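Colleague: Predicted model and sequence follow; I will ask about them next.
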Amino acid sequence: MQTVTEKQSPQDSQNQRLDELLEQLMGMKGVKHALMAVEKRDGSFSWKGAKGIANPDGIPMEVDTPFWIASITKLYTASCILKLHETGRLSIDDLVMDYLPDSLLRGVHVISGDDYYDQLTIRHLLSHSSGIPDYLEVKPKGEKTIIDKALEGEDMAWSLEDSLEIIRKVNKPLFPPQNVSNSKYRIRYSDTNFQMLIAIIETVTNKTIDEVFREMLFQPLNLVNTFHPGSEPLEPIGPVATVWIEDTPFDNKPQAMRAFGDLNSTAQDLIKFMRALMNGEVFDKPETLQLMRGNWQTFGFGLSLLAPGWPIQYGLGMMRFQMPRLLAPFRPMPDVIGHTGAVGSWLFYCEKLDVIVTGTVSQVTAAPAPFKIVPKLLRVLEEMEGTSHQDR
């Protein structure tokens, strides 16, 4: 195991407890490696730990090993959409059909004979209130999901057209596009929404999503080790840690990894991005960040491995994780905002403790890892502060 501690607390027992949480991550089903990092927003405390093997050939996982961040990428996609919004190149209340062709959208959202494609807005996509199913979970009759096809067969790529055709074929929208002017409305997590947002970004900018991320985020924020699979980071870095589905490595499917649209990054770059977001360095206007973290809606109960459910809340491209008081009546967990990914990856900011936490286990079977470990991590950090939420 490699552990790096900078300006650490003199209480070695606290660092030992962080090491123990890393061990708990390693103990989860199917986990081959674990990485966890904690940093105060002002940089006064930083702890990073890594354990296990990064790849099947036995290369050790290091604290600076890049890894696939999965749906944490939605924070980056939403940031680009909102940057385009604040500069007037689009409005999040624009109709999706203003940017994507009718031929692509027709038949994707039909309920009782009514096609809702012409009522979908960019805000619906950002907030997961569109009612469009997740193409990754849809299983056409007599066929396999696209993930199963990619896992079991030859490496394959797919386009937005392919994703929407899967949705169109099954024709089972979850609900009509919601009235987002209401204080409460239905939401259901769907990767399809963000695939469509990527296409909108590319249409508005007339550039690839790679180019847009580089120009809007990577270069100005100095995210030198963040990059799409198949692309090069701004600065050279070693091999990316393997993604696992049980005991099967998935990143030997480079076309599929690329098709998801998600990024590779490092713990340090993720912390750097979240710090910039919270410090107001990503957007020109403070109210743009408030759009992202406002009007929280709660996901319903669900059994999906890929989709977060209750009690997770969602704003515009951002999650909020609050432990319900009934689950922690005597010592509530501080709120965190950020995002998780389906491979047990996470990036959160805790305003109460002014701390950024991130990590991964790169294992689909351990997707709930963030929601199991982050409350324990926050408890340790609270005690390191010398106070508890209960005392306050």
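Modeller: The structure has been received and is ready for your questions.
Colleague: Next one: the closest residue to Ile132 other than its chain neighbours from Gly131, what distance?
Modeller: Nearest residue to Ile132 in three dimensions, chain neighbours excluded: Thr192, at 5.0 Å (CB to CB, 6 or more residues apart in numbering). Heads up, the C-betas are built off the backbone N, CA and C, glycines and all. Per CB to CB, to the nearest Å, Thr192 is found 10 Å from Gly131.
Colleague: Report how many residues lie close to the residue nearest to Ile132.
Modeller: 23 (other CB atoms under 10 Å).
Colleague: Any regions of the stretch 1-150 of the chain where pLDDT drops low?
Modeller: 1-11 (pLDDT under 70).
Colleague: quick one, strands of the stretch 201-350 of the chain?
Modeller: Using DSSP state E, counting those that start in this stretch, the strands of the stretch 201-350 of the chain run over 244-245, 248-249, 263-265, 297-298, 313-314, 319-321, 336-341, 345-350.
Colleague: which strands and helices sit next to the helix or strand Lys51 falls within?
Modeller: Taking DSSP states H and E as the criterion, Lys51 maps to strand 46-52. Contact here means 3 or more CB pairs under 8 Å, 6 or more residues apart in numbering; DSSP states H and E; on that basis strand 46-52 packs against strand 2-6, helix 12-26, strand 33-40.
Colleague: most tightly surrounded among the ones you listed?
Modeller: When those are scored by mean count of other CB atoms under 10 Å, the highest mean neighbour count falls to strand 33-40 (a mean of 25).
Colleague: returning to that earlier point: only alpha carbons, please: show the strand holding Lys51 as CSV.
Modeller: Provided in CSV are the C-alpha atoms of strand 46-52 (Å, rounded to 0.1, in the frame of the first residue of the first chain):
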residue,chain,number,x,y,z
SER,A,46,-4.2,16.3,2.5
TRP,A,47,-4.2,12.6,2.8
LYS,A,48,-4.1,10.0,0.0
GLY,A,49,-4.0,6.2,0.1
ALA,A,50,-4.0,3.5,-2.5
LYS,A,51,-3.9,-0.3,-2.2
GLY,A,52,-4.2,-3.4,-4.4
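Colleague: Show the subsequent helix or strand relative to that strand.
Modeller: Next element after strand 46-52 (DSSP H and E): strand 67-70.
Colleague: helices or strands up against that following strand?
Modeller: strand 263-265, strand 336-341, strand 345-350, strand 355-360.
Colleague: And the residue nearest to His33 when sequence neighbours are not counted, how far from Phe213?
Modeller: Nearest non-adjacent residue to His33, counting by CB to CB, 6+ apart: Gly52, 3.2 Å away. Distance, Gly52 to Phe213, by CB to CB: 29 Å.
Colleague: Settle it for me: which of those two has more neighbours?
Modeller: Phe213 (25 against 18).
Colleague: Thr73 versus that one, what's the distance?
Modeller: 9 Å.
Colleague: just so I have it, where are all the helices in the stretch 151-300 of the chain?
Modeller: Applying DSSP state H, counting those that start in this stretch to the stretch 151-300 of the chain gives helices spanning 160-170, 191-205, 209-213, 219-221, 254-259, 267-278, 286-292.
Colleague: Next, the buried residues of stretch 47-60.
Modeller: Judged by neighbour count using 16 or more other CB atoms under 10 Å, the buried positions of stretch 47-60 are 47-52, 54-55.
Colleague: wait, I meant stretch 94-113
Modeller: Neighbour counts over stretch 94-113 (16+ other CB under 10 Å) mark 95-97, 99-100, 104-105, 108-109 as buried.
Colleague: Looking at those residues, which two lie furthest apart in space?
Modeller: Distance extremes for these: the farthest pair is Tyr99 and His109 at 15.9 Å, using CB to CB.
Colleague: what sits against Trp296?
Modeller: Trp296 makes contact with 313-315, 320 under the criterion CB atoms under 8 Å, 6 or more residues apart in numbering.
Colleague: and the strand holding Lys51, how far from the chain's centre?
Modeller: Counting by CA atoms, centre = their mean, to the nearest Å, strand 46-52 is centred 20 Å from the centre of its parent chain.
Colleague: what residues are up against the residue nearest to Leu95 when sequence neighbours are not counted?
Modeller: Leaving aside its sequence neighbours, Leu95 sits nearest to Thr121 (CB to CB, 6+ apart; 5.8 Å). The contact partners of Thr121, by CB under 8 Å, 6+ apart, come to 92-96, 177, 180.
Colleague: do that again at 7 Å, thanks
Modeller: 93-96 (CB atoms under 7 Å, 6 or more residues apart in numbering).
Colleague: Please name the nearest non-neighbouring residue to Pro233.
Modeller: The spatial neighbour of Pro233 that comes closest, neighbours along the chain excluded (CB to CB, 6+ apart), is Phe227 at 4.2 Å.
Colleague: what number of residues lie near the one you found?
Modeller: 23.
Colleague: which strand residues sit across from it in the sheet?
Modeller: For Phe227, the beta-bridge partners are Asn264 (DSSP bridges).
Colleague: Let's have the helices of the stretch 151-300 of the chain in a markdown table, adding mean pLDDT and distance to Gln14.
Modeller: Below are those laid out as a markdown table (pLDDT from 0 to 100; distance: least, CB to CB, whole Å):
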| stretch | mean pLDDT | distance to Gln14 |
| --- | --- | --- |
| helix 160-170 | 93 | 45 |
| helix 191-205 | 98 | 37 |
| helix 209-213 | 97 | 36 |
| helix 219-221 | 98 | 30 |
| helix 254-259 | 89 | 37 |
| helix 267-278 | 98 | 19 |
| helix 286-292 | 96 | 31 |
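Colleague: tell me the most buried of these?
Modeller: Mean neighbour count (mean count of other CB under 10 Å) peaks for helix 267-278 among those, with a mean of 23.
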